[in-house]
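Peer 1: Provided below for reference: sequence and predicted model.
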Amino acid sequence: MDVWEAISPGGDAWRLTPEPSVTIGAVSGEAEYQFSEIAGALRLASDTIVVLDWQSRDLRFFDGQGVHLFTAGGPGEGPGEVEWADELSRFAGGVQIRGKDKRVRFSSSGDLISDERFDWTPLQQYSCDQTFNGDDVFLCDFIPLGGLPAEGIVQRPQYLLLRADWRGERFDTVGLFTGPGNAYRQGPDGLYRHVFDPFERADRVAVGGSPPVLASLRRDRYELTFMTAAGDTLRIVRRHGVRRAPEGEALAALYRRVADMVEVGPEVVEETFPAPENSSGGRSLLVDQSGNTWVGLWPVGDEGTGRDTYEVFLADGRLLGEVAIPAGSELMDIGDDYVLLARTDEMEVPFLELYGLLKG
């Protein structure tokens, strides 16, 4: 399916309410409202929001108005406790946390359901970020290209996309995707340095919805492949007519930023990675609870608009249009009529905000 125009090209088919209906977080006061870093957040029902705090490693439950109800889990090795936690996701009976060597599951009312020990070694050998969905883990296995590239030659490494169980006893291949562009260029000191693509055109993968939908995004040509969790292709959507890529000073600043990191001149980065004609999607990728796919767009020109923009593809593959969220926010959870965002204020204090999602 080729898509040129959105159903709602004006970008007003879906929109967030002007202000959040619930804000959770505090600079000082009761500890339950202070977050070190929000590692994950989900809205389980209209009257329950759950937040995983990275430092305290506890799971905090709030009511629909943002009032703290109770706290579960925490640091340690006892039942429901973890030494560290960086993954909060749903399963059929509630929510689950991935800890250092265990998986802990709680009901939506905070009751401990299970505390299982896992040896993560079979999963840790893989190089890509892991995505958890119920009893499945999606990860990738690097396919070696072999040898070092010649000077200035861009490599596009390939990965196998795998579906595994939590114990790493079952690995099923569900597809292929492409990693970031890499090149080696000689600096003024004669040493060869790794130069990475400033446009970050590596593919992205996300999973969500019920039944789960696996979305894979080819960012170099803005192509979305939708699959079942087993890897069966549902549809392929190629997006055309996207916005222009960065130009002028915005483009020059991007090249300078990469050049400073790898200690080569900006002209070397520009020669190795010429700007694409269009600014494809791919800043971030998320599949919401209804199976709609949200593709974050790269900002173009003036970034001081106060908002970030996503293109939303409906569950049937049609492009709805653009939806704006407050700039610098991270999408945590998206339901049929809400969006849950994490953000930090000017003092780097984390907050969680619940916005209504208006569809019309």
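Peer 2: Here it is on my side, so go on.
Peer 1: The nearest residue to residue 209 once chain neighbours are set aside and residue 4, how far apart?
Peer 2: Spatial nearest neighbour of residue 209, chain neighbours left out: residue 291 (3.4 Å); criterion: C-beta to C-beta, 6 or more residues apart in numbering. (C-beta placed from N, C-alpha, C; glycine too.) Look at residue 291 and residue 4: by C-beta to C-beta, to the nearest Å, they are 23 Å apart.
Peer 1: Please enumerate the helices of the stretch 101-250 of the chain.
Peer 2: Counting by DSSP state H, counting those that start in this stretch, the stretch 101-250 of the chain has these helices, from start to end: 121-124, 248-262.
Peer 1: In a markdown table: these, plus mean pLDDT and mean neighbour count.
Peer 2: Shown next, in a markdown table, are those (pLDDT from 0 to 100; neighbours: other C-beta atoms under 10 Å):
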| stretch | mean pLDDT | mean neighbour count |
| --- | --- | --- |
| helix 121-124 | 77 | 14 |
| helix 248-262 | 85 | 14 |
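Peer 1: got a markdown table for those helices, with distance to residue 282 too?
Peer 2: A markdown table is the format used below for the helices of the stretch 101-250 of the chain (distance: least, C-beta to C-beta, whole Å):
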| stretch | distance to residue 282 |
| --- | --- |
| helix 121-124 | 25 |
| helix 248-262 | 15 |
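Peer 1: biggest strand in this structure by residues?
Peer 2: In the chain, assigned by DSSP state E, the strand with the most residues is strand 350-359.
Peer 1: Quickly note the distance from residue 325 to residue 18.
Peer 2: For residue 325 relative to residue 18 (C-beta to C-beta), the value is 12 Å.
Peer 1: out of those two, which sits in the more crowded spot?
Peer 2: Neighbours per residue, other C-beta atoms under 10 Å: of residue 325 and residue 18, the larger number sits with residue 325, 21 against 8.
Peer 1: Settle this for me: that one is touching residue 340, isn't it.
Peer 2: No: Residue 325 lies out of contact with residue 340 (C-beta atoms under 8 Å); the separation is 10.8 Å.
Peer 1: joint contacts of those two?
Peer 2: By C-beta atoms under 8 Å, 6 or more residues apart in numbering, residue 325 and residue 340 have these common neighbours: 331, 355.
Peer 1: bridging residues for the closest residue in space to residue 172 that isn't next to it in sequence?
Peer 2: Excluding its sequence neighbours, the residue lying closest to residue 172 (C-beta to C-beta, 6+ apart) is residue 163, at 4.7 Å. As for beta bridges, residue 163 partners with residue 138, residue 172 under DSSP bridges.
Peer 1: Residue 224 versus residue 163, what's the distance?
Peer 2: In this structure, residue 163 and residue 224 are 19 Å apart, going by C-beta to C-beta.
Peer 1: Equivalent analysis for residue 245, please.
Peer 2: Going from residue 245 to residue 224 by C-beta to C-beta gives 19 Å.
Peer 1: Can you pull out the low-pLDDT segments for this structure?
Peer 2: Residue ranges of the chain with pLDDT under 70: 11, 126-129, 145-152, 187, 279-280, 299-305.
Peer 1: Which secondary structure element is home to residue 268?
Peer 2: Residue 268 is part of helix 266-272 when elements are defined by DSSP states H and E.
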